[in-house]
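Visitor: make a model of this:
(chains A, B, C and D)
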2 protein chains.
Amino acid sequence: MKLSEFELDVMQIFWEQGPCSASAAHKVISESKKTAYTTVKTIVDRLEEKGAIKRVGNEGRSIVYSAAVKQEAMSQSVLPDFLKRFFGGNSRNLVAHLIDDEKLSEDDIEYLQHYLANKKSKK
Amino acid sequence: MKLSEFELDVMQIFWEQGPCSASAAHKVISESKKTAYTTVKTIVDRLEEKGAIKRVGNEGRSIVYSAAVKQEAMSQSVLPDFLKRFFGGNSRNLVAHLIDDEKLSEDDIEYLQHYLANKKSKK
DNA sequence: CTCAAACTACTACATTTGTAGTTATTTGAT
DNA sequence: ATCAAATAACTACAAATGTAGTAGTTTGAG
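Guide: From the prediction side, this is the model:
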């Protein structure tokens, strides 16, 4: 299943906040980007068509949808290409990049050190 | 500058192998995917239009192009969205995912442990 | 009960993307 | 010098994507 960028942005809502309606999703999207309700609804429709979300009930007359695919699964399928396209397929480069980029807090670093140590001992 | 997936695949060639012609790029692409020469040429034309590559000379009657943007710069600009869309914006999750995924060799792990240690000491 | 607001389903349309054909031109081998 | 092969430049087109309008339906407030 291949999702577009906008579709992924909407999926993010379902993944983070759990089941919700198109208008709820619209409210979230609106916070970061001026968008018509129908635009978001179209994306929701397409996500349903693609099988990425499914109807799980109603709330008043709104349809409530819920993610039908896990974020993990999507990540897994996209990561290899991403890695190839931007980091020459080398995850070490990506990780180094992340570390350099101040994207990791000291806590994160500690966490990862333990994580790595644990991984190594299991090999 | 926003590049499509196919455009990025072609950029990968310029980034990895340095300057080359459209037909050279076509040969590389053909290895992994049956594609007409003109298809690759179109992508090369679009990359030039977008300013991602530039002409640096000729070879026989072929035009030789070279990357005009660094892979690093592209990565940098795309990573935040990627992170947000697939890992809830949390790089720690991404790194953990990479580690779990057997995408890192023991060597890589050692390397990263040092990298992390070094980073921590600088904070 | 009534009616405006909210919501769904459907349609529309410009742009981007993947894919490749056509035409004209250049070049290198004979 | 000639001609086939390679290449450039341009054109074409279907599918996907971002964006939103319209028409019809449901509902909840008064």
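Visitor: what is the neighbour count of residue A:47?
Guide: Residue A:47: 26 surrounding residues under other Cβ atoms under 10 Å in any protein chain shown. Every residue, glycine included, has its C-beta placed from N, CA and C.
Visitor: can you tell me which residues contact the residue lying closest to residue A:119 once chain neighbours are set aside?
Guide: Excluding its sequence neighbours, the residue lying closest to residue A:119 (Cβ to Cβ, 6 or more residues apart in numbering or on different chains) is residue B:99, at 5.5 Å. By Cβ atoms under 8 Å, 6 or more residues apart in numbering or on different chains, the contact list for residue B:99 reads A:112, A:115, A:116, A:119, B:109.
Visitor: in helices only, show me these.
Guide: When the contacts of residue B:99 are checked against helices (DSSP state H), the matches are A:112, A:115, A:116, A:119, B:109.
Visitor: surely the fourth one and residue B:109 touch.
Guide: Yes: with contact taken as Cβ atoms under 8 Å, residue A:119 and residue B:109 are classed as touching, separated by 6.2 Å.
Visitor: skipping its backbone neighbours, what lies nearest residue A:66 in space?
Guide: residue A:19 (4.0 Å).
Visitor: what sits against that neighbour?
Guide: Counting by Cβ under 8 Å, 6+ apart, residue A:19 has contacts A:56, A:57, A:64, A:65, A:66.
Visitor: how about residues contacting the helix or strand containing residue A:16?
Guide: If you go by DSSP states H and E, residue A:16 is part of helix A:5-17. By Cβ under 8 Å, 6+ apart, the residues outside helix A:5-17 that reach it are A:3, A:20, A:24-25, A:28-29, A:40, A:43-44, A:46-47, A:50, A:52-53, A:65-67, A:71, A:74, B:81, B:84-86, B:88.
Visitor: many thanks, we can stop here.
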